[in-house]
Every structure is written in structure tokens, then in C-alpha cells.
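Asker: Curious how this folds, go ahead:
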Amino acid sequence: MDPNTFPTKGNLILAKNSLNLANMGYGLMDKKRNILIRELMSFIYEAKGIQAEIDATFKAAYAALQNANIELGINYVQEIGASVPVDKRVKIKARSIMGTEIPLVQHEVLPMTLTYGFYNTTESLDEARYHFEKVKELTIRLSMVENSAYRLANSIKKTQKRLTPLKTLRFPITRN
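Answerer: Numbering: from 1, shown residues only. Next up, the predicted model:
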């Protein structure tokens, strides 16, 4: 409120209404921030679990790949790897949490089809392919969760910037 405003009853009523509206806006923005923080924490917790699972799966995948390289030769494994088709089944949609667009990554999981013959390969190659397919699925999930957490963190920062002026809003004291 402008300090040069005349202290009339009408201006007092306008100032009280403005203060009530600011308090209500502060309450709503605070609730929004709390909801966003709760969602962010759930995404962070989920991301930690997925990262741990990816680490274990990567270790198993690289161990199997190393065995396949030893048994079949690196060049032959590279040739087989080049024959694996590119996966184009990833779809990205969006959902909204308190006005923040969160990506929903959908991946159609189909049974694994092999693009190489069994005669010239070993079980370690099949095992490596299986583990790397699992890594791909986990990476898709992790990308969705981390992207969501990043967007929520930015939204929380913006909400906090909007919330701070409402918290410090003061009106001059008027006496009746």
C-alpha cells in the first residue's frame, strides 16, 4: 500500500481486503510448495533405488560382455551388436502436478528376439544381451524420474520466489 494514501475508512477497508487476499495467496502457494516438495522427495527416493539397480545390472552386463568377448572375439561381438535393430518404441507423454509438466515415458516391452544364430554364439552373449536390455529399461525409467525431479525442483524454486514477497507483505499501521 502506498504510504502517501490518505487514512480514510475506505482505504483501511481496501488495505484489510488486500491483506486478507495476500494471506490467502500465501497459504495456497505454501500448500503448493509442500505438495511439490513431497513429490520431489518421492522421485529422489525412487531414483536412488533405480540407480542402485542399474549399477548392479551394469556390472553383470559388462561381466557377461567380457566373457562373450573372450569366447567369441571382440570383432565378432561388434558385428553381432551392429545387427541389433534400433528400438523405436519409446513414447513420451506428459502429466501435470500443480501446473508442472512431468514427463511420462512409456516403453512397449516386447519379448526379446535374437538377431543372430545360435550356432556360432555362446550363452555368455545371450546373457549379455539380456542384461543390456534390462539396463535399457532401467535407464528409460531413470531418465523419466530424474527429469521429473529436475522440473519439480525448478517449479519449487519459482514458487518460493513468488512466496517470499507475500510472506514479507506489510501495511502501515492505521489508528481508528
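Asker: what's around residue 139, how many residues?
Answerer: Residues near residue 139, counting by other CB atoms under 10 Å, number 14. (C-beta placed from N, C-alpha, C; glycine too.)
Asker: State the distance from it to residue 80.
Answerer: 21 Å (CB to CB, to the nearest Å).
Asker: what do you get for residue 127?
Answerer: 13 Å.
Asker: neighbour count winner among these two?
Answerer: Ranked by neighbour count (other CB under 10 Å), residue 127 and residue 80 place residue 80 first, with 20 against 17.
Asker: Not counting the host helix or strand of the more buried one itself, show me its contacts.
Answerer: For residue 80, the element it lies in under DSSP states H and E is helix 74-82. Helix 74-82 has contacts (CB atoms under 8 Å, 6 or more residues apart in numbering) with 65, 68-69, 115-116, 120-121, 125.
Asker: contacting residues around the closest residue to residue 67 other than its chain neighbours?
Answerer: Spatial nearest neighbour of residue 67, excluding adjacent residues (CB to CB, 6 or more residues apart in numbering): residue 124 at 3.9 Å. Contacts for residue 124 (CB under 8 Å, 6+ apart) come out as 64, 67-68, 71.
Asker: any idea of the pLDDT on residue 124?
Answerer: Note on residue 124: pLDDT of 86.
Asker: Repeat that for residue 90.
Answerer: pLDDT, residue 90: 84.
Asker: Give the partner strands of the host helix or strand of residue 101 in its sheet and their orientations.
Answerer: Assigned by DSSP H and E, residue 101 falls within strand 100-107. When pairing is defined by DSSP bridges, strand 100-107 lines up against strand 90-97 (antiparallel).
Asker: Find the residue ranges of this protein scoring beneath the pLDDT cut-off.
Answerer: 1-4, 167, 169-176 (pLDDT under 70).
Asker: Let's see that with 80 instead.
Answerer: 1-7, 109-120, 163-176 (pLDDT under 80).
Asker: That one: helices as residue ranges?
Answerer: 9-72, 74-82, 123-167 (DSSP state H).
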